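> Fold the following.
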Amino acid sequence: MTTQKIGIHSLVFGDTWTEETAKFACRTAADIGYDLIEVLIFDPDALDPGMTKRVVKNAGLDLRLGMALGPDTDISSTDPDIAKAGENTVQQCLEIASDLGAPAVSGITYAAFNNYSAPPTQAQRDAVASALGRLDKRAGELGVKLGLEPVNRYESNMINSLDQAADMIRRIGAANMFIHMDTFHMNIEESDLPSVISRNAHLLGYAHVAENHRGLLGTGTFDWHGYFRALQDAGYSGDFTVESFSSKVLSADLVGGVSLWRQGWSNAQLAAKIAFEQIQSHLAACRASVTPWPL
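I've put the predicted structure just below:
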C-alpha cells in the first residue's frame with residue numbers, strides 16, 4: 001500500500017461553512033496532522049469558492065469535494081425537469097472542482113439522498129446511465145473526475161454496493177469516473193469485503209472511513225484490520241477521509257436526515273484526533289503485516 005493522504009470531513013466540525021467555521025475546521029485538522037479536508041457542497045450556488053480555496057490553502061491542506069443530490073435534483077426522477085436539474089447540479093459541482101483545483105467531486109451523484117419506497121425501474125436506470133455518460137464527458141473536459149458513492153438501502157435505491165457502482169461505470173464506458181467507498185454503507189450492504197474490494201480494485205478511487213454507527217472511530221464493530229488489509233492486497237492507492245458524526249455539532253435538519261438519534265461524541269477535536277490515530281495505526285500495521293493494538 002503506497003503512502004495515502006488522510007483527510008477529514010468538514011461535517012466532523014459542523015454543517016456550516018463560513019469563513020470563521022472553515023478556518024476553525026482547517027486549522028484544527030492541520031494541527032492534528034491531516035493532509036486534506038473534504039467540503040460537502042450542500043448548494044453549489046451558496047458555496048464561496050474564493051474563501052474556500054484561500055482558507056484551505058492557508059492551512060496547508062488539500063481539498064476534496066463531496067455532494068448529495070436531493071429530491072428536487074434527483075437524476076433518477078421520472079420528472080424530466082427534476083432529472084435535468086440534477087444533472088445540471090452535478091455539472092455545476094464539477095465546474096467548481098475545476099475552479100478550485102480539486103481533483104474530483106464524489107458522493108450521491110446518481111440519484112437523491114432519499115428513502116425510496118420502490119426499486120428503480122429499468123427506464124430510470126437507463127436515464128441515469130445516459131446522464132452520467134454526459135457528466136463523465138464533461139468531467140474529462142474539465143480535467144476532473146466524478147465519483148459514485150454506493151450508499152445503504154435507506155439512503156438510495158439506485159447504487160447500494162460496490163458491484164452496482166462498477167456495473168454502472170462499465171455500462172457507461174466511463175473514462176473519468178471512480179468508486180467512492182464508505183465503510184458505514186459497506187458494513188450494511190456488502191457480504192464479503194475482501195472479495196468485493198478485490199474484484200473492483202481498479203475502480204476504487206476514494207474512501208470514507210466511518211464506524212458502523214458513524215460515531216467515534218474504533219468504538220464500533222467494523223473490521224478495520226480486515227478492511228485495510230484487503231485494500232493493501234488490492235493495491236489501493238487512494239486517500240482516506242474520516243466521517244464521524246455527532247448531534248453535538250450538527251443542525252436538526254442534518255441530524256434528522258441521517259437519523260443521528262444518539263450523540264456520537266461531545267468533542268470534535270478529540271474525535272478527529274482519535275480517528276487520525278486509528279487510521280495511522282491500521283495503515284502502519286498493514287505495512288508491517290501485524291495487527292494493531294487497540295487505541
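> The nearest residue to Ile75 once chain neighbours are set aside is in what secondary structure piece?
Counting by CB to CB, 6 or more residues apart in numbering, the nearest residue to Ile75 once its immediate chain neighbours are dropped is Gly86, at 3.8 Å. Using the backbone N, CA and C atoms, a C-beta is placed for each residue, glycine as well. If you go by DSSP states H and E, Gly86 is part of helix 80-100.
> any idea how far that helix is from the chain center?
17 Å (CA atoms, centre = their mean, to the nearest Å).
> Please apply the same query to stretch 174-191.
For stretch 174-191, the distance to the chain centre is 9 Å (CA atoms, centre = their mean).
> try stretch 142-154
The answer for stretch 142-154 is 7 Å, by CA atoms, centre = their mean.
> for stretch 5-23, same thing?
That offset, for stretch 5-23, works out to 14 Å (CA atoms, centre = their mean).
> Likewise for stretch 87-102?
Going by CA atoms, centre = their mean, where stretch 87-102 is centred and where its chain is centred differ by 16 Å.
> Can you give me the first-to-last residue distance of stretch 167-178?
Terminal residues of stretch 167-178 are spaced 11 Å apart (CA to CA, to the nearest Å).
> Pull out the buried residues from it.
Met168, Ile169, Ile172, Ala174, Asn176, Met177, Phe178 (16 or more other CB atoms under 10 Å).
> Equivalent analysis for stretch 208-220, please.
Buried, per 16+ other CB under 10 Å, within stretch 208-220: His208, Val209, Ala210, Glu211, His213, Arg214, Gly215, Leu216, Leu217, Gly218, Thr219, Gly220.
> Among the residues you listed, which one lies nearest to Phe184?
Of all those, Phe184 sits closest to Ala210, with 3.9 Å by CB to CB.
> surely the closest one meets Ser244?
Yes - counting by CB atoms under 8 Å, Ala210 touches Ser244, with 6.6 Å between them.
> Averaged pLDDT, whichever helix or strand Gly7 is part of. What do you get?
In this assignment (DSSP H and E), Gly7 forms part of strand 6-9. If you average the pLDDT over strand 6-9, you get 98.
> per-residue confidence at Thr18?
Reported pLDDT for Thr18: 97.
> To clarify, my last question referred to Leu270.
97.
> How much space separates it from Gly7?
According to CB to CB, to the nearest Å, Leu270 and Gly7 sit 18 Å apart.
> before we move on, what about Ala230?
Ala230 is 20 Å from Gly7, by CB to CB.
> just the strands in this structure please.
Applying DSSP state E to the chain gives strands spanning 6-9, 36-41, 62-69, 104-112, 145-148, 177-182, 204-209, 239-242.
> Which of the ones you listed sits closest to Asp163?
Short answer: strand 177-182, nearest of the strands of the chain by CB to CB, at 9.6 Å.
> Can you list the strands that the closest one pairs with?
Applying DSSP bridges to the sheet, strand 177-182 is found paired with strand 145-148 (parallel), strand 204-209 (parallel).
> I'd like to know the average pLDDT value across the longest one.
The reference is to strand 204-209. Here the average pLDDT along strand 204-209 is 98.
> next one: the shortest one
Averaged across strand 145-148, the pLDDT comes to 98.
> Just the CA trace of it, in CSV.
The C-alpha coordinates for strand 145-148 follow below in CSV (Å, rounded to 0.1, in the frame of the first residue of the first chain):
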residue,chain,number,x,y,z
LYS,A,145,-13.2,13.1,-12.1
LEU,A,146,-16.7,12.1,-10.8
GLY,A,147,-17.1,9.6,-8.0
LEU,A,148,-20.1,7.3,-7.4
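> Give me the buried positions along stretch 116-123.
Here stretch 116-123 shows Tyr116, Pro120 as buried, counting by 16+ other CB under 10 Å.
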